[in-house]
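A.B. asks: Here is my input; please provide its structure:
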Amino acid sequence: MSIIKIIHLIPYDGIGGVETAARTMLHVRDENIDFNVSYICTKTSREKSLKSTYNPFSLIISFLSICRKDVDVLIVSLWRSLIVGILVKIFKPKIILITFLHLESNAHFIDYICHKISLFLSTHIFADSDATKRGRLSPSMQKKCSVISFVSKRIDPLSMHEVNTNFIFWGRITPQKGLNRAIKIFNEIHKKYSKAHYWIIGPDGGSLIEIKSLLETLGLTESVTFIGPSTYDEILIYARQASFYLQTSLVEGMAMSVMESMQLGLVPIVTPVGEIISYCHEGKNAIIVNSDNKTVDDVLSLLANNDSYQLLRANAIATWQNKKLYRDSVLETCRKKFKA
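C.D. replies: Numbering: from 1, shown residues only. Sure thing, here's the model as predicted:
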């Protein structure tokens, strides 16, 4: 049986869930599948890489590079990669195109147009969650969609400690993440516990100036620290000091950072968006943000009762034990789809 040659194209090697999962598939090869990950921009600086992916010449160079390669299947994630995938499919129609969906709704109009065309040209569709699948696809298109597990790796829980007033978030600092709401919730906790701290880790995706202005208004500049883009090991330095993972997203897909935080043993404080609502359950393994006032009361209650906190922590950890890994899910789906 011939080897199926697959390339997964993404804009650049960043810190988001898409990029983190993709890195687990670098240069995977067995007797049936030769799987590689390719980037539109391969510069070492993530900030420069992000800017370069907006350059039309970067897209053209990526398109020509893919066309020169011996490839059977091209998987594309995120709208800039979709542009390349559309061009490849037009000029090399024999290549099988797969659009990978990572969010339950479109981010903006260009995102909508790119996905509309790419989905039309795609033989198969991947989605990071059932919520994304339902939110983005018609019933007829859902039939050719496979949901891929987004558990990128097994994570050992951090050492247990008594509940404290430290909070953490990691991810892109974008409007989608709704961090203004998270800070307002944190502010109410800070009024009761002046030593409370909130670490926000990740690159600016368009919201940093607005958030810093809010912090100045609330007088929280000393209690909220922006760490910037960080490696996983660097994130762990702060995660070890925290008890809660606070993320009030407006829209999500699978929300990899939330999954990672739960495996580490942080209790998530999250909005019921995307697939989060399927694995985060109020009072069992998470605090669900519907009413800000109730959320504050729930956090204060846990801060006053370490046993209750430890129960939620243990349940959060247990949620992801024995779940299928992203790598295994992708390979299994590709073998099934292409009879490899």
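A.B. asks: so where is the stretch 51-200 of the chain shaky, pLDDT-wise?
C.D. replies: Residues of the stretch 51-200 of the chain meeting the criterion pLDDT under 70: 51-54.
A.B. asks: run the last query once more with 80
C.D. replies: The model of the stretch 51-200 of the chain has pLDDT under 80 over residues 51-55.
A.B. asks: And the strands in it?
C.D. replies: 73-77, 96-101, 124-127, 145-147, 166-170, 197-201 (DSSP state E, counting those that start in this stretch).
A.B. asks: would you list these in TSV and tack on distance to R154?
C.D. replies: Bear in mind the C-beta positions are built from the backbone N, C-alpha and C, glycine included. Output for the strands of the stretch 51-200 of the chain, formatted as TSV (distance: least, CB to CB, whole Å):
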stretch	distance to R154
strand 73-77	23
strand 96-101	23
strand 124-127	22
strand 145-147	20
strand 166-170	18
strand 197-201	21
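A.B. asks: which residues touch the residue lying closest to T24 once chain neighbours are set aside?
C.D. replies: Closest residue to T24 apart from its sequence neighbours, by CB to CB, 6 or more residues apart in numbering: R327 at 4.8 Å. R327 sits next to T24, M25, V28, S152 when contact means CB atoms under 8 Å, 6 or more residues apart in numbering.
A.B. asks: and of the residues you listed, the nearest to Y12?
C.D. replies: Set against Y12, the nearest of the contacts of R327 by CB to CB is M25 (15.8 Å).
A.B. asks: show me what contacts that closest one?
C.D. replies: Neighbouring residues of M25 by CB under 8 Å, 6+ apart: H8, F35, V37, Y326, R327, V330.
A.B. asks: so which of the strands of the stretch 51-200 of the chain gets nearest L264?
C.D. replies: strand 166-170 (9.6 Å).
A.B. asks: For that closest one, name the packing helices and strands.
C.D. replies: Helices and strands touching strand 166-170, by 3 or more CB pairs under 8 Å, 6 or more residues apart in numbering; DSSP states H and E, are helix 179-192, strand 197-201, helix 232-239, strand 244-247, helix 256-264.
A.B. asks: just these: most buried one?
C.D. replies: Highest mean neighbour count of these: strand 244-247, a mean of 26 (counted as mean count of other CB atoms under 10 Å).
A.B. asks: Which of the contacts of M25 fall in strands?
C.D. replies: The strands, defined by DSSP state E, take in H8, F35, V37 from the contacts of M25.
A.B. asks: buried subset of those?
C.D. replies: For the ones in strands among the contacts of M25, a burial check counting by 16 or more other CB atoms under 10 Å picks out H8, F35, V37.
A.B. asks: Adding pLDDT and distance to V76 as columns, could you present those in TSV?
C.D. replies: Below are those laid out as TSV (pLDDT from 0 to 100; distance: CB to CB, whole Å):
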residue	pLDDT	distance to V76
H8	97	8
F35	95	14
V37	95	12
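A.B. asks: Which single one of these is nearest to R240?
C.D. replies: Nearest to R240 among those, with distances taken as CB to CB, is V37, at 30.0 Å.
A.B. asks: what separates that closest one from L325, distance-wise?
C.D. replies: 16 Å (CB to CB, to the nearest Å).
A.B. asks: rewinding a little: where does confidence bottom out across the contacts of R327?
C.D. replies: Scanning the contacts of R327 for pLDDT, the low point is V28. It has 87.
A.B. asks: So that one versus D34, what's the distance?
C.D. replies: 8 Å.
A.B. asks: Wait, I211 touches N180, no?
C.D. replies: Yes: I211 lies in contact with N180 (CB atoms under 8 Å); the separation is 6.5 Å.
A.B. asks: could I get the contacts of M25 as TSV with distance to L74?
C.D. replies: Formatted as TSV, the contacts of M25 follow (distance: CB to CB, whole Å):
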residue	distance to L74
H8	8
F35	12
V37	12
Y326	19
R327	19
V330	14
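A.B. asks: now, among these, which is nearest to P272?
C.D. replies: Within the contacts of M25, the smallest distance to P272 is 23.5 Å, found for Y326 (CB to CB).
A.B. asks: Let's see the pLDDT reported for the closest one.
C.D. replies: As predicted, Y326 sits at a pLDDT of 95.
A.B. asks: Any figure for the gap between it and F338?
C.D. replies: Separation of Y326 from F338 (CB to CB) stands at 18 Å.
A.B. asks: Which one's more surrounded, those two?
C.D. replies: Of the pair Y326 and F338, Y326 is the one with more neighbours under other CB atoms under 10 Å, namely 24 against 16.
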